[in-house]
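Q: using only what follows, build the 3D model:
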Amino acid sequence: MPPEPVRMRIKVTGYVQGVAFRAYAERVARQHHLTGWVRNLSDGSVEIVAEGEKKNLLRLKDWAERGPSLARVSRISVSEEPATGEVSDFSIRY
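A: Residues are numbered from 1 along each chain as shown. This next block holds a predicted model:
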């Protein structure tokens with residue numbers, strides 16, 4: 001029986017907009033079979049909401065701590081929530 005899915009909300013601050021952060025986050029999430037979305041926030045940060053197996057969510061979190069090569073991540077905050085199953089793929093929200 002597969003593990004219960006978990007939802008993780010990650011907020012990434014620093015120099016993270018205009019450096020393809022969302023595109024790379026989408027690629028990493030899909031590689032790890034996660035569903036959810038990523039979007040820029042008006043305060044200059046990036047928000048990632050993803051669901052899936054906890055081990056795969058932790059891989060996404062580890063990646064988000066570094067981001068793509070042009071990003072300069074200064075801080076991330078992470079919270080876990082019950083999975084909702086509301087989305088069936090991973091996408092960029094505009």
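Q: show me where this structure dips below the pLDDT cut-off.
A: In the prediction, the chain carries no residues with pLDDT under 70.
Q: so which residues of it form strands?
A: Secondary structure of the chain, counting by DSSP state E: strands at 6-15, 35-40, 46-52, 72-82, 90-93.
Q: how about residues contacting the last one?
A: Residues outside strand 90-93 that contact it (Cβ atoms under 8 Å, 6 or more residues apart in numbering) are 22, 23, 26, 29, 30, 34, 35, 36, 37, 38, 39, 50. Every C-beta, even on glycine, is put in place using the N, C-alpha and C of the backbone.
Q: buried subset of those?
A: Neighbour-count burial (16 or more other Cβ atoms under 10 Å) is assigned, among those, to 22, 26, 29, 34, 35, 36, 37, 38, 50.
Q: burial count for the residue nearest to the third one when sequence neighbours are not counted?
A: In this case it means residue 29. Distances taken as Cβ to Cβ, 6 or more residues apart in numbering put residue 90 closest to residue 29, at 4.3 Å, once the chain neighbours are dropped. Burial of residue 90 is recorded as 25 neighbouring residues (other Cβ atoms under 10 Å).
Q: do the one 3 residues further on as well
A: Here the count is done by other Cβ under 10 Å, and residue 93 has 11 residues near it.
Q: and it, how far is that from residue 66?
A: 22 Å (Cβ to Cβ, to the nearest Å).
Q: if we can go back for a sec, the residue nearest to residue 29 and residue 25: what is the separation?
A: Using Cβ to Cβ, residue 90 is found at 8 Å from residue 25.
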